[in-house]
Every structure is written in structure tokens, then in C-alpha cells.
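> Requesting a structural model of the entry that follows:
(one chain, ligands or ions: 2)
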Amino acid sequence: MAYTDKILEKSIDPSVHKMLERAEKLNLETVWDRYEAMLPECGFGELGVCCRNCNMGPCRISPFDDQGPKKGVCGATADIIVARNLIRMIAGGAAAHSDHGRDLAHTLLLTAEGKGGGYEIKDEEKLKALAGEYSIETQGRTKEQIALDLARAVYGEFGKQEGFVQFTRRAPEKRVALWKSLGIDPRGIDREIVEIMHRTHIGVDNDPVNLILQGLKASIADGWGGSTIATELSDVLFGTPMPVRSQSNLGVLKQDHVNIIVHGHEPVLSEMIVAASNDPELVGLAEKLGAKGINVAGICCTGNEIIMRHGIPIVGNFLQQELAVITGAVEAMIVDVQCIMPSLGPLSECFHTKFISTSPKAKFPGAIHMEFSEEKAFDIARQIVQAAVENYSLRIPEKVLIPEDKTECMVGFSAEAIVKALGGTLDPLLNAIKSGDIKGIAGVVGCNNPKIKHDHGHVVLVRELIKNNVLVTTTGCNAIACAKSGLMLPEAADQAGDGLKGVCRTLGVPPVLHMGSCVDISRILTLCASVANALGVDISDLPVAGAAPEWMSEKAVSIGAYVVSSGIFTVLGTVPPVLGSKVVTELLTRGANEVVGATFAVEPDPVKGAGLMIAHMDKKRQALGI
Ligand code: SF4
Ligand code: MSK
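Ligands and ions are numbered 1, 2, ... in the order given. Next up is the predicted model:
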């Protein structure tokens, strides 16, 4: 089918082309229309030089040498304003990830107390391993007793005032010592986020470097704290992911089934929706209404959570959420928190789709609110699924258009699954790195952003990396882009360089390993720490690099900050709002190397971005003498 250039330039995904054409025909607005209507976006905002932190402003610093104000009303310079704004973004991102972790701690606590409405402890081995990290006694105790102590200890990490966050001690000793010497070894997770809000209040911290250091500290509390807690406790409650086959893209929606999409981030909700959708009574109801069954599928990181634990198909990534509704085949879009567009409410009203919000923290215009609570989890999930099933009879067949596009994928490579695939030890991976069969390991993560052709940045960068024998680990919306592009199949090893191809063929794994959702970047950190510890070096010495080719969220800013703070060079595909400050830009792209042993680079061209990562790995290999 021939699409207009206007449609083709928006995405590399044929299912997106189909649905954008459909949207045009039905006169429906999407994120791309609103982006175009927003152009040109605010130049002051892009540079990061506008400040609204007090009511003497808003202030904005002129980027032109010869005209306009160079200081805010209080005297803040562009350097101060940019640094303050950036670390407030980190605070937002760290808060989101960490609150997700807190919800998991809450669920574990309720489960241990016997008050969880249907949850159970699925991975006892991991529970005991985590208890060991916290020096919690496991001998002769029930899993509930251990879980209770663990949940309380982990809960305590958020409001801790002194000491350190336990999981940060997974980092190599040298890294922890560096954090300590810089004063960026985080205390409690909430404490570091609150301190950002305090320091950026008018008239507090006005030293850009001091501000950025606090940003790094809070980001470490996110990556090695809140996000790691979210990942680990999810594994305890729902099982540690192991490789499983599934399908991806809009074509996983089924014409003759009740289609339920779960979208957002926390598996606490989606796990129960999955369980309820298997309830024979509800399946019977669906059949009575003429459907062949109930088809659950995910979007964004909730999709990543359920695909890797249950093999439940994934509909798409961030920029496809509206397009899923436009298929006209979705009975319910069930959401919790993060990355959910408020446009879904009005859009759902154009179809029979029920847009159901569930979190007291996240309400939306046009949504039906069915509040979820962990204590009554299964019962509420059942009610939500029932509402979706009953909605099937209101589907309007003439409005249904499901693209055929769907791709097979192999997902679920937790750090434990990788070690298992390697035969129980990291040695084969270390040997492949030493021999050069694997040049290095990349973590490619992050969102979509209409500023970049959808999935183009992700897929082109990843293809370039594997072609050059770089093993790619991925999470979030990059993972979904790779799944849709067929890169998560063992057969994709054919696209890899000879060394990586050989390793993948021997192990039967894809060259691009799905490690989960955004919080599961903690799995990549854990893997890097294990490799560094095995080699007796710091993470910054390893041939590893990160990339976020299409990032957009504050969470991505926090992720970038903790990845660089952990010693990993990171390439960003979209420009962060820092260019208005020479001091901050210089610090992030050069000076940070002297401080944490890694920097950021900004490179919108994904081939060039991959080139920077490969050059970095070559340099590190040389320094290691391998
Ligand atoms: Fe302006 Fe300073 Fe107030 Fe910011 S804190 S709005 S720069 S006066
Ligand atoms: S969902 S944070 S758009 S990766 Fe985690 Fe995707 Fe970015 Fe949300």
C-alpha cells in the first residue's frame, strides 16, 4: 500500500503507517499532530534557561551575547537555572521509579502478613538471596516470616536518614569508594529526592556543580535503590523471568476475542488482570457474548513485565498507545501509572473502548476509575475484566481495523536467566569478551519521542551494534522496538558480526537480550557489576556503553544520570535541556569523566551514536589489554 511521505516519515513500523492513515481518515488526532501543532517548541525551554521557581519570575536568560537579560530577578545565571532544572527532572524520574519500588515493598509486606488479595511468593530462592543481602535470618523460618523482615527492611530504605542504601553495595568496591569520596553515596531514597527540591528552591544551592552532584546522588538512589527494589521484589512475588517466546506489535490484537490492554508500569496490577482473565467464569461470559476468548496484551513497561513472565504478547511501545485504541478492537485499556497519555480518554470516547484508570495517583479525563487495592487485588481485577468482557457486545464491527503486523520474539533474560543460558557461570561471557568475539556490552533503553522517526533511532542503532559484535541488553520501549523488528530471535544472530553470531548460535540466544521494563535497567547494572567484580575492575573500566536513542521522560534523565554515575558512557539521541549552560554542558559531556569516569554524548544519528559506543569500547578494551 502506498502511504504519503507525511505518514512514512513518522515511523519505520508498517503497523503505525496503517493506523496513522486510519486516524487521518477518521479525523482523529494523535501525538504526532499535537507535536506538529506545538512547533516551534519554546527555544528557552529547549535550552533549559527558563525558571519558575519563585514568583519574582518567570525568568528566562537570553542565549544571545549582545541582548536580553543574563540573570534572573534573583541574580541566578543560566548555569544555575539549567542545573536546577535538570536535577528537578532527575527528582521527578527518581520519584517515579522509586514510588514503583515502594508499591512493590507494600505488596510484599501485605502478602507476608496474609493480607495480599491473591498474591503469593513465587521465587523463594530469590527471597532468601535478598534476605542474605540484608543479613536477615532464613534458617528454620517460613517464607512469610522472611518476607516480612525483608519488606520492612526495604521499606525502610525510602525514608532512611542515615547510612546507605543496601543494594548500592552490589556495585564494585571501587565504585562505592568513589561515590563516598564525592559525597554522592545516597542515604535514604526519599531523602535525596527531597533534598533536590530543597536545594533548588530560591536562594539555596546556587553552585551548578554542587547541584549536579546532588542530582547524581538521587539518581544512584533510583538505579541502585528504588529501581532495584522494584525489580527484585517483583521477581520474588511474580517469579524471576526466564526466556519465553511471544509476539509483538498491533497484530497481536484479535478480531474474534475480547481484547484487554494493560498499560503503564507496575506488575502489581497487570499480574492480577492476567490471573482474572483466566477465570473460567469470565471466559465463559466472553464466549456467551460471541467472543472466542479473552486476549490480554500489554503496552509500554507493563507490557514488558507480563511478556517476560507469562509470554503474553505486547501491542507496542509508547507512541503506539493511541493507535491501539484506533484499531477499534480494544474493549478496555486498563492503566496504572507513568507514560499514559491523557489523550486516551477523549480518543476512547470515539470508540466503544473503556479507558479504565486504577491508581489513586493517576486519574485521567474521560476515564472510568475502578480503584485498585492490593488487599482486594484479585476481586477488583475480576470486576475490571468483567467490565471489559461485557463491553465486547458494544464493539462496532465497521470501526475495527487490526493491522496484520506481528513479530515473534524471545524475551525474559533476567541476569539469572543469562547466567543459566551460559551454563551456570559468567565465564563463557567473560571469555567471549576477552577473546573479542564479543566486543562489549551495550545497554540500549528508553522511550519513543515524536522528535525522532518512531523506532528508527532504536533499531538502526541496535543493528549497527550487533553488526560490530556488541551484545545488546535492552529494556523499556527500545526492547519493544527490537522485538517488533525481529531482533529478539536467535535467528537475528545472522545480522550480527561473526564473533557475536558464533556465541549466540552456541547458546541459542538472540543477539539482543530483553531484560525487562524501565526499572529493570537495574538488571543491567547488576550484570555489569558482576562482570566488573569477576574481572576485579570498576564498571568504568569495562567495554560497556549505554544509549537512549529516543528518550523523552524524566525517568530517562534519572536513568542516564545513574548509568553515567555508575561509570558507563551514555549516548542520547535527543538533546536534554542543558545547552543554555556552558558549565553544565561541559560537565556532562567532558568534566564528568574526571569525576565518575564516564560522560554523556548527544548524537541524533543512530549510526554515528553506535560508532561512539564502539569507539569507547575499543578504548576500554585497549586499556584492559584485551
Ligand atoms: Fe527568577 Fe530567580 Fe525566581 Fe527563578 S528563582 S524565577 S531565576 S527570581
Ligand atoms: S515505558 S519511560 S516511554 S521507555 Fe517504561 Fe517507554 Fe520511556 Fe515510558
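> and stretch 261-280, which residues are buried?
Under the neighbour-count criterion of 16 or more other CB atoms under 10 Å, stretch 261-280 has 261-277, 279 buried. All C-beta spots, glycine's among them, are computed from the backbone N, C-alpha and C.
> Please name the spatially closest residue to the most centrally placed residue in the chain (chain neighbours excluded).
To find the centre residue of the chain, average its C-alpha atoms and take the closest one (CA atoms, centre = their mean): that gives Cys518, at 1.9 Å. Across the structure, with CB to CB, 6 or more residues apart in numbering as the measure, the residue nearest Cys518 apart from its sequence neighbours is Gly476 (4.6 Å).
> How about Leu527?
Leaving aside its chain neighbours, Leu527 sits nearest to Ala415 (4.9 Å; criterion: CB to CB, 6+ apart).
> what does the stretch 151-300 of the chain put close to ligand 1?
If contacts are counted using CB under 6 Å from any ligand atom, the residues of the stretch 151-300 of the chain sitting beside ligand 1 are Ile202.
> Around ligand 2, pick out the residues from the stretch 151-300 of the chain.
Cys300.
> Pull the contacting residues for the closest residue to ligand 2 within the stretch 151-300 of the chain.
Residue of the stretch 151-300 of the chain nearest ligand 2, by CB to the nearest ligand atom: Cys300 (3.7 Å). Residues in contact with Cys300, defined by CB atoms under 8 Å, 6 or more residues apart in numbering, are His263, Gly264, His265, Asn317, Phe318, Gln321, Gln338, Cys339, Gly476, Cys477, Ile480.
> who's in contact with the residue nearest to Leu527?
Residues in contact with Ala415, defined by CB under 8 Å, 6+ apart, are Met515, Arg523, Thr526, Leu527, Ser530.
> repeat that for 6 Å
When contacts are counted by CB atoms under 6 Å, 6 or more residues apart in numbering, Ala415 is found next to Arg523, Thr526, Leu527.
> does the nearest residue to Ser522 once chain neighbours are set aside sit in a helix, a strand or a coil?
In this structure, Ser522 finds its nearest non-sequential neighbour in Thr228, 4.0 Å apart by CB to CB, 6+ apart. Each residue gets one of three states, and Thr228 gets helix by DSSP: H, G, I helix; E, B strand; the rest coil.
> State the number of residues packed around whichever residue of the stretch 251-400 of the chain sits closest to ligand 1.
With CB to the nearest ligand atom as the measure, Pro342 is the residue of the stretch 251-400 of the chain nearest to ligand 1, at 26.9 Å. The local packing of Pro342 (other CB atoms under 10 Å) involves 13 other residues.
> Pretty sure it sits against Phe364.
Yes - under the criterion of CB atoms under 6 Å, Pro342 lies in contact with Phe364, with a separation of 5.3 Å.
> Could I get the full set of helices for the stretch 101-250 of the chain?
Listed from the start of the chain, the stretch 101-250 of the chain has helices (DSSP state H, counting those that start in this stretch) covering 124-133, 143-159, 173-182, 189-199, 208-220, 228-238.
> Quick check: mean pLDDT of the fifth one?
To tie it back to what came earlier, the one meant is helix 208-220. Average pLDDT, helix 208-220: 98.
> Around ligand 2, pick out the residues from the chain.
Of all the residues in the chain, those lying near ligand 2 are 300-301, 317-318, 339, 446-447, 476-477, 517-518, 553, 555-556, going by CB under 6 Å from any ligand atom.
> from the stretch 501-626 of the chain, which residue is nearest to ligand 2?
With distances taken as CB to the nearest ligand atom, the stretch 501-626 of the chain approaches ligand 2 most closely at Cys518, which sits 3.7 Å away.
> tell me the pLDDT at that residue?
The per-residue pLDDT reported for Cys518 equals 97.
> Could you check how far it is from Val411?
When CB to CB, to the nearest Å is applied, the distance between Cys518 and Val411 equals 15 Å.
> Could I get the pLDDT score of Met1?
Met1 carries a pLDDT score of 63 in this model.
> ok, then the element right after the strand or helix carrying Gly560?
Gly560 is located in helix 554-565, with elements delineated by DSSP states H and E. Toward the C-terminal end, the helix or strand that comes next after helix 554-565 (DSSP H and E) is strand 569-572.
> Check the offset of the following helix or strand past that following strand from the chain's centre.
Once the chain leaves strand 569-572, the next helix or strand it forms, by DSSP H and E, is helix 582-586. Its chain's average C-alpha position is 27 Å from that of helix 582-586, according to CA atoms, centre = their mean, to the nearest Å.
> Might one say that Ile294 is in contact with Ile261?
No - Ile294 lies out of contact with Ile261 (CB under 6 Å); the separation is 11.9 Å.
> and Glu21, what does it touch?
Contact criterion CB under 6 Å, 6+ apart gives Ile7 as the residues in contact with Glu21.
> separation between it and Val258?
Taken as CB to CB, the span from Glu21 to Val258 is 26 Å.
> cool, and Val470?
Distance of Val470 to Val258, computed by CB to CB: 42 Å.
> Pick out whichever of those two has more residues nearby.
Here Val470 and Val258 are set side by side on neighbour count (other CB under 10 Å), and the busier one is Val258, at 31 against 27.
> in the stretch 251-400 of the chain, which spans are strands?
258-263, 294-299, 314-316, 332-335, 354-357, 368-369 (DSSP state E, counting those that start in this stretch).
> For the host helix or strand of Ala529, give me every contacting residue.
Assessed by DSSP H and E, Ala529 sits inside helix 521-535. Counting contacts by CB under 6 Å, 6+ apart, the residues outside helix 521-535 that touch it are 170-172, 223, 227-228, 231, 414-415, 426, 430, 443, 445, 473, 475, 515, 538-539, 542, 544, 559.
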